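Enquirer: show me the folded form of this:
(4 chains)
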Number of protein chains: 2
Amino acid sequence: MTPRLAPVPPDRSADQVRFEGFLRTHQLKLTGERRALLSAVLGWGSHFDADTLHMALKQKGETISRATVYRTLDLLVQCGIVRKDSLGHQQAQYEAVKPGEHHDHLICMNCGKVIEFFREDLESLQDAICAQQKFKPLHHSLQIFGICSACKGKVDEKDLAARVSQIHT
Amino acid sequence: MTPRLAPVPPDRSADQVRFEGFLRTHQLKLTGERRALLSAVLGWGSHFDADTLHMALKQKGETISRATVYRTLDLLVQCGIVRKDSLGHQQAQYEAVKPGEHHDHLICMNCGKVIEFFREDLESLQDAICAQQKFKPLHHSLQIFGICSACKGKVDEKDLAARVSQIHT
DNA sequence: GTGGATGCAAAGACTTTGCAGCATC
DNA sequence: GATGCTGCAAAGTCTTTGCATCCAC
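Expert: Numbering: from 1, shown residues only, chains lettered A, B, ... in the order given. All right, here's what the predicted structure looks like:
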């Protein structure tokens, strides 16, 4: 029989601990607003922008100013809990970073759905390309724009070409 | 001896013809400003933003309003002569599309250099991933951020981590 | 009690748009 | 000569910042 280990805290809590540690290290304070934002972000599950988050909190009765939302998102990005991405939008998109998980994106140009995927062979191919160029990779972002299976056949092919050329990654 | 063919016009001219055709098709007019912008864009050779282009033209004596620069870049994007990209910047970056050429980017986080590359095996791997997901790819963008060979060893490792987390693709 | 945090509103950066006069087709 | 184009300035959108007040430590 293996000896009992101390119970492993759930992931949520790990991010909370991490954020609190980050705040302490930088002599910053844990405020109610920061707590509320962290928990909203961790519970979101997909991509969001600053304003959507701001409005969602307002609807839940948590009135936090837009400025604080931006300031706190910036902190969360700095300590690695949140990733900032544009995904072809004008405004910044954010997403909670699931620990140890990196992924790339398929983005449907019809319904806007974002499909996340991870392929080890894609990662290693990129590493090989970097090695060939004597380039030290630190981060990457791959976005494939197209039409998802559910939208096939429902798309007006005519304005698709125009929209492809308008993509702004 | 093979028979002589009609001389192949240089690439520059092909883009001009394409733009003029686009304008005609859409009942738009070929103005001096549009001509100047097209030629400036084709002669640029790397990435630029709207304001840099605007200022470069002003220095050459071509005073074209910022509004027209934006409006014309939009047309050039629509007809496929120019690609719009962010490359991790706040403001939109543009680049002339060399015909038949697609490439991805290695971006040096120290000196800002952008290295373009193309790998057929990377393209086909992406196609395979899309096929598996029943996703029809139309466009993609891969940006790898890191340190170029010239900057290796010259970088302050400390603030690098912070800068990696700040990347906004 | 002190230093950092918040909210507000103002400022900023980048881009788009309305309109009167102008140029191309 | 009609229709679309330009420049200008104003408005828009998203984000950041200055400052007085407030609160976690």
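Enquirer: excluding chain neighbours, give the residue nearest to residue A:145 in space.
Expert: In space, and not counting its chain neighbours, residue A:145 is closest to residue B:139: 4.5 Å by CB to CB, 6 or more residues apart in numbering or on different chains. From N, CA and C alone the C-beta is placed, and that goes for glycine too.
Enquirer: tell me which element the closest residue to residue A:69 other than its chain neighbours falls in.
Expert: Closest residue in space to residue A:69, ignoring its immediate chain neighbours: residue A:54 at 4.7 Å, by CB to CB, 6+ apart. Per DSSP states H and E, residue A:54 falls inside helix A:50-59.
Enquirer: what's the following helix or strand after that helix?
Expert: For helix A:50-59, the succeeding helix or strand toward the C-terminus, using DSSP H and E, is helix A:66-78.
Enquirer: quick one: contacts of that following helix?
Expert: A:19, A:22-23, A:28, A:33-34, A:37-38, A:41, A:50-51, A:53-54, A:57, A:82-84, A:94, B:162, B:165-166 (CB atoms under 8 Å, 6 or more residues apart in numbering or on different chains).
Enquirer: hmm, the helix or strand following that helix touching chain B?
Expert: Remark: after helix A:66-78, the chain's next helix or strand is strand A:82-85, criterion DSSP H and E. Yes: interface with chain B: strand A:82-85 contributes A:84-85 (CB under 8 Å from any CB of the partner chain).
Enquirer: surely residue A:36 touches residue A:61?
Expert: No: using CB atoms under 8 Å, residue A:36 makes no contact with residue A:61, being 10.0 Å away.
Enquirer: so which residues on chain A come close to DNA strand D?
Expert: Within reach of DNA strand D by CB under 7 Å from any atom of the strand, chain A has these residues: A:29-32, A:49-51, A:66-67, A:70-71, A:74, A:90-92.
Enquirer: quick check, residue A:123 in a helix?
Expert: Yes: under DSSP: H, G, I helix; E, B strand; the rest coil, residue A:123 falls within a helix.
Enquirer: the domain parsing of chain A - what is it?
Expert: Listed by automatic domain parsing, the domain ranges of chain A are A:14-96, A:104-164.
Enquirer: any chance of these in JSON lines, plus mean pLDDT?
Expert: Shown next, in JSON lines, are the domains of chain A (pLDDT from 0 to 100):
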{"stretch": "domain A:14-96", "mean pLDDT": "91"}
{"stretch": "domain A:104-164", "mean pLDDT": "83"}
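Enquirer: kindly reformat these as CSV containing mean neighbour count and distance to residue B:116.
Expert: Formatted as CSV, the domains of chain A follow (neighbours: other CB atoms under 10 Å in any protein chain shown; distance: least, CB to CB, whole Å):
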stretch, mean neighbour count, distance to residue B:116
domain A:14-96, 16, 20
domain A:104-164, 16, 10
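Enquirer: quick one, strands of chain A?
Expert: Shown for chain A, the strands assigned by DSSP state E span residues A:48-49, A:82-85, A:93-96, A:104-108, A:114-117, A:136-147.
Enquirer: now residue A:105, nearest residue through space, not along the chain?
Expert: Counting by CB to CB, 6+ apart, the residue nearest residue A:105 is residue A:143, at 5.0 Å.
Enquirer: how close does that neighbour sit to residue A:108?
Expert: 12 Å (CB to CB, to the nearest Å).
Enquirer: return only those of the residues of chain A next to DNA strand D found close to DNA strand C.
Expert: Contacts with DNA strand C within the residues of chain A next to DNA strand D, counted by CB under 7 Å from any atom of the strand: A:29, A:31, A:66-67, A:71.
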